[in-house]
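J.: generate coordinates for the sequence data below:
(chains A and B)
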Amino acid sequence: MSKKIMLPESEMPRSYYNIAADLPNPVPPPLHPATGQPVGPDDLAPIFPMPLIEQEVSQERYIDIPEAVMDVYRIWRPTPLVRAERLEKLLDAPVKIYFKNESVSPPGSHKPNTAVPQAYYNKISGVKKLTTETGAGQWGSALAFACNYFGLECKVFMVKVSFEQKPYRKLMMQTWGANCIASPSNETEAGRRMLQRSPDSPGTLGMAISEAVEAAVTSNGDTRYALGSVLNHVMLHQTVIGQEAIKQFDSIGEYPDVVIGCAGGGSNFAGLAFPFLRDKMNGKSVQVIAAEPASCPTMTKGPYAYDLGDTEGMTPLMAMYTLGHNFVPPSIHAGGLRYHGMSPLVSALVKEGLVEPRSYTNLDTFGAGVNFARSEGIIPAPETNHALAAVEEVARQAKAEGKSKTIVVSFSGHGVIDLPSYDAYFSGKLTNYALPEAEIAKALEEIRVIPQAAA
Amino acid sequence: MNTVRTVLDNLETRCPRLGGPVTFHYCRYAADNLPCSRSLICWQNHFPVHEYLGRLMTKEEWVDAFEKPSAERLDRILTIAAETSDRLNHNP
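T.: The predicted structure is shown next:
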């Protein structure tokens, strides 16, 4: 049997799959924060081009992929579905593991799957320039790559702390012709205000978003903003991943028992999982797992709980009581982890019970990433490691239960540009820091004399 | 002086939003001078972060940082766009 299951270019999906058409309960339209009314095309028009706005609210099950987009996709798509036999041997469990290798794209991740159509739809709408923010740099790189093919200017506001940690990301963007600048910057009112208050500010993702949106809205109408996660049209574009995977499994007469993706903003998870969820909603038996970051070794042992069932608010639900001026929130039970900034579509699927979220610590995830690198050779992106940790967990469960399983995991990106994160892992910086009881008491004693957080 | 506070402030973890290492000090001020709303999740296994921050913050600050539902991304984008447009209309 071949190691890699390839798909000919002629078999590439010709349309995106829109899961909104099949949801048991439709996701309610977003409300405008200022008016409380459902967000309409006019609200979005200063920010996104009309074809993407139409996709954002579309209930059509399939949306054609334009030929110009297909043409750029062919640079790296279809991506291989790869049997991870060496990892299987390492895990010594009755599982077949396949990974859908999205790291073969030029920027090294799944992100160009949506960057390319976003650039295309902006181009045909008369837009000349795109702005965006980037944290880790994957999205900024992907948008720079895509804009290059459609002759669009691209300005990326990169959170300053990342900008300084990841100089190669900036260089990638620059090579593709984009302008990557550290946020906060002097280019926007929001950035200037922040720099006035705090000249050495390391920046935040919120500030970078503010700068990117402001730069688009204050243009003379030829600039729009692009977002690489969370929104429906982003999830839509990523579904080429899962559609290809289903065809690749068809070609070898197999179908996975378990589908796994890492879920930050949800787009790479959605890309692999949504087409399989279509099958699941049509009666196919398949377990779908979204792997996400946690910090507690096992949530069942953790001192706190975060309610995953409530998908509306995104902050932890913490009861509290006052203790004089200060207060101490009580410890509550474990029960799962809610994630910040998740796609509403993915949240809805969790709520419907179609997707099972699981959380993994930094130590779990980097351990899994190193196992993968040492067996299959590719160094995974740190985000990808969350999905690989889930693969290992499923494999261990299969072994314990004596059940054979076929697993497919989204290998969302490689980690060659993110090696400092591996350095932190190898040098022990990610090790859980066990603060001795006496030190905790001393710390609390110290802060009794500190009046405010900003002291 | 190398107080416990500075030791804690210099601890590092990996930020799932930024994709790189950040110090606890960064997380403490990452949301308009309030802690990032993920701080309790990201640091709970390192030290008793809820108790520590609880002692540092007023109740109002705590509510702002951790209890208010944070804006969805689209809400945030729309709010920024509306505020910027308003500003432009008033100061063209």
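J.: can we go C-alpha only for contacts and neighbour counts from here?
T.: Noted.
J.: residue contacts, the residue most central in space within chain B?
T.: By Cα atoms, centre = their mean, chain B has its centre lying nearest to residue B:36, at 1.8 Å. Residues near residue B:36 by Cα atoms under 8 Å, 6 or more residues apart in numbering or on different chains: B:27, B:28, B:29, B:30, B:65.
J.: against residue A:286, how distant is the residue lying closest to residue A:285 once chain neighbours are set aside?
T.: Leaving out its chain neighbours, the residue that sits closest to residue A:285 by Cα to Cα, 6 or more residues apart in numbering or on different chains is residue A:257, at 7.2 Å. Per Cα to Cα, to the nearest Å, residue A:257 is found 5 Å from residue A:286.
J.: now the terminal residues of stretch A:229-245, how far apart.
T.: Using Cα to Cα, the end-to-end distance of stretch A:229-245 comes to 21 Å.
J.: mind checking the pLDDT average for it?
T.: What stretch A:229-245 shows for mean pLDDT is 96.
J.: next one: stretch A:163-175
T.: Here the average pLDDT along stretch A:163-175 is 94.
J.: likewise stretch A:268-286?
T.: Stretch A:268-286 comes out with an average pLDDT of 97.
J.: run the chain-centre distance for it.
T.: From the chain centre to the centre of stretch A:268-286 is a distance of 18 Å (Cα atoms, centre = their mean, to the nearest Å).
J.: identify each buried residue in that stretch, please.
T.: For stretch A:268-286, the neighbour count (16 or more other Cα atoms under 10 Å in any protein chain shown) marks A:268, A:269, A:270, A:271, A:272, A:273, A:274, A:275, A:276, A:277, A:278, A:286 as buried.
J.: what helix or strand is the second one on?
T.: Under the assignment given by DSSP states H and E, the secondary-structure element containing residue A:269 is helix A:267-281.
J.: remind me what that helix packs against, helices and strands.
T.: helix A:232-238, helix A:240-251, strand A:258-262, strand A:287-293, strand A:405-411 (3 or more Cα pairs under 8 Å, 6 or more residues apart in numbering or on different chains; DSSP states H and E).
J.: with only the CA atoms kept, save the shortest one in PDB.
T.: Coordinates of each C-alpha in strand A:258-262 appear next as PDB, following Å, rounded to 0.1, in the frame of the first residue of the first chain:
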ATOM      1  CA  VAL A 258     -12.400   9.200  14.200                       C
ATOM      2  CA  VAL A 259     -11.800  12.700  12.700                       C
ATOM      3  CA  ILE A 260      -9.500  15.000  14.700                       C
ATOM      4  CA  GLY A 261      -8.500  18.700  14.200                       C
ATOM      5  CA  CYS A 262      -7.100  21.400  16.400                       C
END
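J.: now do the helix holding residue A:269 against strand A:287-293, angle only.
T.: 160 degrees (axes from the mean of the first three to the mean of the last three Cα atoms, to 10 degrees).
J.: poorly predicted segments of the chain, please.
T.: Assuming you mean chain A. Applying pLDDT under 70 to chain A flags the ranges A:294-341, A:431-455.
J.: not what I meant, chain B
T.: Chain B contains residues with pLDDT under 70 at B:1-2, B:69-71, B:92.
J.: relative to residue B:77, which of the helices and strands packed on helix A:267-281 is closest?
T.: Closest approach to residue B:77 among these (Cα to Cα): helix A:232-238, 14.7 Å.
J.: pretty sure residue A:348 is touching residue A:24, no?
T.: No: the criterion here is Cα atoms under 8 Å, and residue A:348 misses it with residue A:24 at 9.6 Å.
J.: okay, those two: which has more neighbours?
T.: residue A:348 (21 against 11; other Cα atoms under 10 Å in any protein chain shown).
J.: name the SS class of the closest residue to that one other than its chain neighbours, please.
T.: Sequence neighbours aside, residue A:27 is the residue nearest to residue A:348 in space, at 6.8 Å (criterion: Cα to Cα, 6+ apart). Following DSSP: H, G, I helix; E, B strand; the rest coil, we place residue A:27 in the coil state.
J.: cool, and residue A:99?
T.: Three-state call for residue A:99 (three-state DSSP): strand.
J.: spit out the contact partners of the residue nearest to residue A:38 when sequence neighbours are not counted.
T.: Of all residues not flanking residue A:38 in the chain, residue A:31 sits nearest, at 4.2 Å (Cα to Cα, 6+ apart). Going by Cα under 8 Å, 6+ apart, residue A:31 touches A:37, A:38, A:39, B:75.
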